[in-house]
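# Would you be able to build a 3D model of this:
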Amino acid sequence: MDNLAFIRDTMEAAGSFTAVSGWGMVAVGIIASVAAAIAAAQQSDVRSLYVWIIAAVLAPVVPLLSGPGRKFVLSFSPPVLVGALLTIVLYRAGLIAMIPGMWLLLYGTAVVAGGAFSVKIVPVMGFCFMLAGTLALFTPQSWNDWIMAAAFGGLHIGFGIPVAWRHGG
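I've put the predicted structure just below:
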């Protein structure tokens, strides 16, 4: 029985390290960094918002295609779907300046929830996103693209490289 318990624990640990691809996180960070540069160059908040929405649709496809990634997606999806719905509500209410903070907070929540099926550093990254979201809510609107660049670009790259080096993928 001890051997079976050891094998089961080993198999669960082996599945968790690939739940989030480190290099996939780096790719998401690069996509976000490009989106930040394009969004910052836009002439209106709405156009900047469209750039971020396109990046938000493209980026998650990269790291979440693996088999163990499905567990991550199941935990990750509800907060992201809530974020999509709240984006529409905040946009209609004319509260565009609140959208980046809300995105970062809910994305961080999604990463913390999905990170339960990954290595310990992934939920830490989620908490960092939540801190960035809090910052975005209470700083000038002109900072939003740069906060999102630092979070979606910098955090993905900064956490993705150690995940890739230490845990594979």
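# What's the separation between Gly158 and Ile53?
24 Å (Cβ to Cβ, to the nearest Å). The C-beta positions use only the backbone N, C-alpha and C, and glycine is treated the same way.
# hang on, I meant Gly22
Where Ile53 is concerned, Gly22 sits at a distance of 26 Å (Cβ to Cβ).
# So those two - more neighbours on which side?
More neighbours surround Gly22 than the other of Gly22 and Ile53, with 25 against 15 (other Cβ atoms under 10 Å).
# Wait, the more buried one touches Trp165, no?
Yes: under the criterion of Cβ atoms under 8 Å, Gly22 makes contact with Trp165 at 7.1 Å.
# and the residue nearest to Ala149 when sequence neighbours are not counted, how many neighbours?
Nearest residue to Ala149 in three dimensions, chain neighbours excluded: Ala36, at 3.2 Å (Cβ to Cβ, 6 or more residues apart in numbering). Residue neighbour count, defined by other Cβ under 10 Å, stands at 25 for Ala36.
# Over to Ala93?
9.
# got the phi/psi numbers for it?
phi -80, psi 0 (degrees, to the nearest 10).
# what about it, distance to Val28?
29 Å.
# Helix or strand: which one has Arg47?
helix 45-58 (DSSP states H and E).
# chain center to that helix: distance?
Distance of helix 45-58 from its chain centroid, counting by Cα atoms, centre = their mean, to the nearest Å, is 15 Å.
# swap in stretch 42-49?
Worked out by Cα atoms, centre = their mean, stretch 42-49 lies 21 Å from the chain centre.
# tell me which residues in it are buried?
Buried residues in stretch 42-49, counted by 16 or more other Cβ atoms under 10 Å: 45, 48-49.
# I'd like the next helix or strand past whichever helix in the chain runs longest.
Ranked by residue count and defined by DSSP state H, the top helix of the chain is helix 69-92. As assigned by DSSP H and E, the chain's next helix or strand after helix 69-92 is helix 99-114.
# quick one: that following helix to chain centroid distance?
7 Å.
# ok, now stretch 25-45?
Worked out by Cα atoms, centre = their mean, stretch 25-45 lies 14 Å from the chain centre.
# and it, which residues are buried?
Those would be 25-33, 35-36, 38-39, 45, for stretch 25-45 by 16+ other Cβ under 10 Å.
# Would you confirm that Pro162 contacts Lys120?
No: applying Cβ under 8 Å, one finds Pro162 not in contact with Lys120, separated by 11.3 Å.
# Settle it for me: which of the two has more neighbours?
Pro162 (14 against 8).
# Thank you kindly, that will do.
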